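>>> What shape does this take:
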Amino acid sequence: MLLGAAAAWGAPEPETVGTLTILDGDAQLVRDAATWRVAEGVRLAAGDIVQTAASARLVRLELSAGQAIDPGPATRVQLAPQLRGDRARGAPVLYLLAGWVKLTQPAAAHDKGVLIAAQAFDVTAVARDVVVAVHGDVVWLFAESGAVTMAPRHDGKALAPLTLKAGEFLERAAVAKGKAVVSARPTATFLQQVPRAFRDTLPLRAALFKNGAAAPKKLAPIAYADVQPWLAAEPDLRRGFVTRWRGAARDAGFRRALADNLAAHPEWDRVLNPEKYRPKQPAKTPPPQRY
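Prediction:
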């Protein structure tokens, strides 16, 4: 088994959360401290980061709980992220750092916690289909079919939740200050930019890979550029990467880039400069002088 290899070496086996079932274009997996090339049928583990190329046409992740996740082009998502703060017990299904995601919820699902987490919002209930986009300070959310409940976030805290009816569209600009604006239908700009693949309804394909999984191909240890946007994410998310990628800091280039950009992720100072955090030794008392 793909994920069973970790157990063979004495490491805890990561929880399998789904399968990559469609890949039309380029996508990359960040697992542990390495990048991997993926293929249809690859099992996905909790904590996996999936990053799609700008040229990616269609990528589908089918989760064990029944949700179908379609990341769009130039998208960065993490499955089953370990968040701190007020979402620590919410067990988010997905963290959207940047780009596009379409989530299709199974009809019999009962929402518990957070479905899609992001710095500027949490999606907590989806009746059927929702399309979400994060582009810098701009957030778009389209309740494609069925109601959607989301809670805007500000300074790391959830604000009063909003429920969109089927067909309604939300836009929130300037995440730090902006208010969410809800309209009866999507804007022309959204419709021009939404990935074409999101317009199609596709059958689920996870059953095709039930009896056999494809193995991802290891490409290389992570470089700083591979994960820089994650290292600079919101504090509740990025602190977990210190433990996960501590070993990568042994690489001179990775370590140098961490030091050069320390203001974006100050929690790495303890790794880079451990001597600053060691307990101070008590001053030695000089021996008494004899006369």
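
>>> Nearest the geometric middle of this structure, what residue?
Closest to where the C-alpha atoms of the chain average out (CA atoms, centre = their mean) is residue 78, at 2.6 Å.

>>> Let me know whether that residue touches residue 98 as I believe.
No. Under the criterion of CB atoms under 8 Å, residue 78 makes no contact with residue 98, lying 11.4 Å away. All C-beta spots, glycine's among them, are computed from the backbone N, C-alpha and C.

>>> shared neighbours, the two?
By CB atoms under 8 Å, 6 or more residues apart in numbering, residue 78 and residue 98 have no common neighbours.

>>> Contacts only, for the residue nearest to the centre of the chain.
Residue 78 neighbours (CB under 8 Å, 6+ apart): 47, 48, 49, 50, 94, 95, 97, 230, 237.

>>> where does residue 288 land in three-state SS?
coil (DSSP: H, G, I helix; E, B strand; the rest coil).

>>> Do a quick rundown of the helices in this protein.
Ranges of helices in the chain, per DSSP state H, are 4-8, 188-193, 224-231, 235-238, 240-244, 252-260, 269-272.

>>> got any ranges where the stretch 51-200 of the chain has weak pLDDT?
For the stretch 51-200 of the chain, the stretches flagged by pLDDT under 70 are 108-112, 174-178.

>>> got the contact list for the residue nearest to residue 56 when sequence neighbours are not counted?
Once flanking residues are discounted, residue 56 sits nearest to residue 25: 3.3 Å by CB to CB, 6 or more residues apart in numbering. Taking CB under 8 Å, 6+ apart, we find residue 25 in contact with 52, 53, 55, 56, 57, 58, 59, 73.

>>> And these, which is closest to residue 140?
Nearest to residue 140, judged by CB to CB, of the contacts of residue 25 is residue 73 at 14.9 Å.

>>> what's the burial count for that closest one?
By the criterion of other CB atoms under 10 Å, residue 73 has 20 neighbours.

>>> one step back: ok, which pair from the contacts of residue 78 is furthest apart?
Greatest spatial distance in the contacts of residue 78: 50 and 237, 15.3 Å, computed using CB to CB.

>>> coming back round to it: would you reformat the contacts of residue 78 as JSON lines and include neighbour count?
Output for these, formatted as JSON lines (neighbours: other CB atoms under 10 Å):
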{"residue": "47", "neighbour count": "19"}
{"residue": "48", "neighbour count": "26"}
{"residue": "49", "neighbour count": "21"}
{"residue": "50", "neighbour count": "23"}
{"residue": "94", "neighbour count": "25"}
{"residue": "95", "neighbour count": "25"}
{"residue": "97", "neighbour count": "21"}
{"residue": "230", "neighbour count": "23"}
{"residue": "237", "neighbour count": "22"}
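
>>> Sitting in strands, which of these do you find?
Per DSSP state E, strands hold the following members of those: 49, 50, 94, 95, 97.

>>> from the residues you listed, which is closest to residue 252?
Distances from residue 252 to the ones in strands among the contacts of residue 78, taken as CB to CB, are shortest for residue 49 (23.5 Å).
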